[in-house]
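>>> Generate coordinates for the sequence data below:
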Amino acid sequence: MIPRRFLIILATFSLSVLLYVDRACISTAKEPIIAALSQTDPQWLDHAWAEKRWGWIMAAFAFGYALFQTPSGAFADRLGARRTLAAVVTLWSIFTGLTAAAWNLASLMVIRFLFGGGEAGAFPGMARVVYSWIPVKERGLVKGINFSGSRLGAAVTMPILPWMITTLGWKQSFLLLMVIGFCWSLAWWFWFRDEPADHPGIPPEELAFILGNRQQAGGNDQPAKPLSLGTLFGSGNLWLVMGQYFCSNFTFFFCLTWLYPYVKKTYALTAVNAGFYAMAPLLAGAVGNIFSGWLVDHLYKTGRVALSRRVPAMIGFALAALGMVMSVGQESALGAILWLSLAVFGADMTLSPSWSLCIDIGGKNAGAVSGTMNMAGNLGAAFVGLIFPYLLIAYGPKGFFYVGAALNVLALGLWTLARSDRKIEEPA
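The predicted structure is shown next:
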């Protein structure tokens with residue numbers, strides 16, 4: 001019989017895939033959406049104006065996503081991942097469908113902002129699932145698998161969505177994705193339970209194994225006092241984690257939003273060919289997540305708990321910085337994509353240790369702690385959405401990629417100070 005926790009991992013993996021299919025589809029739909037908006041607002045025909053305003057549309061999602069991270073994480077801690085994930089998938093699916101109803105810049109920005117707010121509870125909710133269901137020594141690989149799903153979801157979006165948009169139309173494509181989200185939400189609500197002991201049919205041996213190993217040695221399974229904002233933001237350790245995650249998202253979010261239109265225009269590619277090129281760094285990110293998750297667990301099992309978080313992240317940021325610098329000035333799309341694939345492989349190596357560390361220091365408040373880190377990361381994502389078109393017009397690609405490389409070097413330094421044993425707890 002397949003262990004129940006493995007089925008839980010499969011379910012959260014599928015959620016991660018869906019999360020990024022819905023998130024990345026806006027990038028591949030850029031041209032038909034701009035064409036539709038230009039019919040009611042002729043300013044969209046001005047290329048420079050359109051590029052900068054599209055940056056604000058990309059950033060609107062990230063701001064909404066960032067703003068609701070901490071409250072969504074606290075919601076998951078308080079009400080459980082069953083309610084949280086069913087609610088957030090339903091909510092973001094509604095706004096996925098409503099994207100098809102946008103009629104101008106303002107309406108699209110509002111919808112994308114609310115779409116981001118709807119998605120905000122997904123990964124904090126999954127962190128709460130991991131805390132309740134997954135033994136400590138398995139968490140690194142599980143987080144790697146979950147995040148690899150997000151990269152695979154975004155990767156398949158790049159070539160498939162242009163075809164789907166051409167076949168069905170961009171509005172119908174968004175409506176189809178809405179229906180798929182509703183189906184996932186219903187299945188999760190009827191099948192999942194917040195606590196392993198409440199899940200029907202779980203073998204007693206597996207239940208005992210989970211309950212006996214989901215805390216670090218010396219920990220306990222008693223309820224924790226919810227964290228106040230003062231305690232959260234008063235933790236220097238959490239600020240270090242937030243800073244490095246800002247840098248990690250800066251590198252990745254470019255691939256999610258601007259890479260497809262960038263390679264398509266820069267190297268004069270067809271829509272489908274651009275999709276396949278844009279797919280490669282995201283696949284590299286999926287591999288980076290799984291490799292890093294394995295490395296986290298391997299180091300943890302050898303007793304090197306602090307290094308199990310620090311080493312994979314530091315290696316990842318070094319590779320990300322190298323890839324960003326070397327991608328500048330490549331004469332072919334293949335050369336640029338190969339170096340960007342290395343950069344995203346490295347950036348995504350930082351995810352499993354980041355979220356594992358949040359679970360370490362957050363415990364029962366893992367949702368709130370990981371949500372706060374993810375909030376900072378998505379402020380970095382919003383920064384990418386805004387700054388890329390401005391830097392591209394003013395300085396060419398090198399301005400953006402050098403900034404990204406510098407941030408990766410900064411993040412590497414922050415990891416030398418972060419501590420997985422410095423838990424965040426309310427004062428007694």
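>>> Val88 is in contact with Ser72, correct?
Yes - assessed by C-beta atoms under 8 Å, Ser72 is found in contact with Val88 at 6.9 Å. From N, CA and C alone the C-beta is placed, and that goes for glycine too.
>>> shared neighbours, the two?
Ala120, Gly121, Gly125 (C-beta atoms under 8 Å, 6 or more residues apart in numbering).
>>> The first one against Ser72, yeah?
Yes - Ala120 lies in contact with Ser72 (C-beta under 8 Å); the separation is 4.4 Å.
>>> Name the residues contacting each of these two.
Val88, Gly371.
>>> which residues in the stretch 101-250 of the chain form helices?
Ranges of helices within the stretch 101-250 of the chain are 105-119, 122-133, 139-168, 170-191, 204-213, 229-233, 236-257, based on DSSP state H, counting those that start in this stretch.
>>> Show me which of these has the highest average neighbour count.
Mean neighbour count (mean count of other C-beta atoms under 10 Å) peaks for helix 122-133 among the helices of the stretch 101-250 of the chain, with a mean of 28.
>>> What is that one packed up against?
Applying 3 or more C-beta pairs under 8 Å, 6 or more residues apart in numbering; DSSP states H and E, one finds that helix 122-133 makes contact with helix 4-28, helix 69-79, helix 81-98, helix 139-168, helix 351-362, helix 366-395.
>>> Export the ones you listed as CSV, with columns for mean pLDDT and distance to Thr257.
Putting the helices and strands packed on helix 122-133 into CSV (pLDDT from 0 to 100; distance: least, C-beta to C-beta, whole Å) gives the following:
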stretch, mean pLDDT, distance to Thr257
helix 4-28, 90, 5
helix 69-79, 82, 18
helix 81-98, 94, 16
helix 139-168, 86, 10
helix 351-362, 89, 18
helix 366-395, 83, 6
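>>> can you list those in JSON lines and add distance to Phe401?
Formatted as JSON lines, the helices and strands packed on helix 122-133 follow (distance: least, C-beta to C-beta, whole Å):
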{"stretch": "helix 4-28", "distance to Phe401": "18"}
{"stretch": "helix 69-79", "distance to Phe401": "27"}
{"stretch": "helix 81-98", "distance to Phe401": "31"}
{"stretch": "helix 139-168", "distance to Phe401": "20"}
{"stretch": "helix 351-362", "distance to Phe401": "21"}
{"stretch": "helix 366-395", "distance to Phe401": "9"}
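>>> Give me the average confidence score over stretch 195-210.
The predicted model assigns stretch 195-210 a mean pLDDT of 92.
>>> Give me the contact list for that stretch.
Met1, Pro3, Arg4, Arg5, Ser132, Trp133, Ile134, Pro135, Phe192, Arg193, Leu211.
>>> Span of it from start to end?
10 Å (C-alpha to C-alpha, to the nearest Å).
>>> Any idea how far that stretch is from the middle of the chain?
With C-alpha atoms, centre = their mean, to the nearest Å as the basis, stretch 195-210 stands 29 Å off its chain's centre.
>>> Tell me which residues touch Phe345, please.
Pro281, Ala284, Gly285, Val287, Gly288, Gly316, Leu319, Gly323.
>>> Let me know the pLDDT of the third one.
pLDDT recorded at Gly285 is 91.
>>> burial measure for it, as a count.
By the criterion of other C-beta atoms under 10 Å, Gly285 has 30 neighbours.
>>> Isn't it up against Phe254?
No - when contacts are counted by C-beta under 8 Å, Gly285 is not listed as touching Phe254 (11.7 Å).
>>> quick one on the thing from earlier: with distance to Ala24 and pLDDT added, can I get the shared contacts of Ser72 and Val88 in a markdown table?
Formatted as a markdown table, these follow (distance: C-beta to C-beta, whole Å; pLDDT from 0 to 100):
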| residue | distance to Ala24 | pLDDT |
| --- | --- | --- |
| Ala120 | 17 | 87 |
| Gly121 | 19 | 87 |
| Gly125 | 20 | 88 |
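>>> closest to Pro42 among the residues you listed?
Looking at those and their distance to Pro42, the nearest is Ala120, at 34.9 Å (C-beta to C-beta).
>>> Just give me the neighbour total for that closest one.
For Ala120, using other C-beta under 10 Å, the count is 28.
>>> What distance do you get for it to Trp92?
According to C-beta to C-beta, to the nearest Å, Ala120 stands 9 Å off from Trp92.
>>> export the helices of the stretch 101-250 of the chain to JSON lines and tack on distance to Phe276?
Formatted as JSON lines, the helices of the stretch 101-250 of the chain follow (distance: least, C-beta to C-beta, whole Å):
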{"stretch": "helix 105-119", "distance to Phe276": "26"}
{"stretch": "helix 122-133", "distance to Phe276": "27"}
{"stretch": "helix 139-168", "distance to Phe276": "5"}
{"stretch": "helix 170-191", "distance to Phe276": "18"}
{"stretch": "helix 204-213", "distance to Phe276": "41"}
{"stretch": "helix 229-233", "distance to Phe276": "42"}
{"stretch": "helix 236-257", "distance to Phe276": "14"}
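>>> nearest to Asp297, of those?
When the helices of the stretch 101-250 of the chain are ranked by proximity to Asp297 (C-beta to C-beta), helix 139-168 comes first, at 4.1 Å.
>>> what's the angle between that closest one and helix 236-257?
Counting by axes from the mean of the first three to the mean of the last three C-alpha atoms, to 10 degrees, helix 139-168 lies at 30 degrees to helix 236-257.
>>> Which strands and helices lie in contact with helix 139-168?
Against helix 139-168 (3+ C-beta pairs under 8 Å, 6+ apart) you get helix 4-28, helix 122-133, helix 170-191, helix 271-301, helix 351-362.
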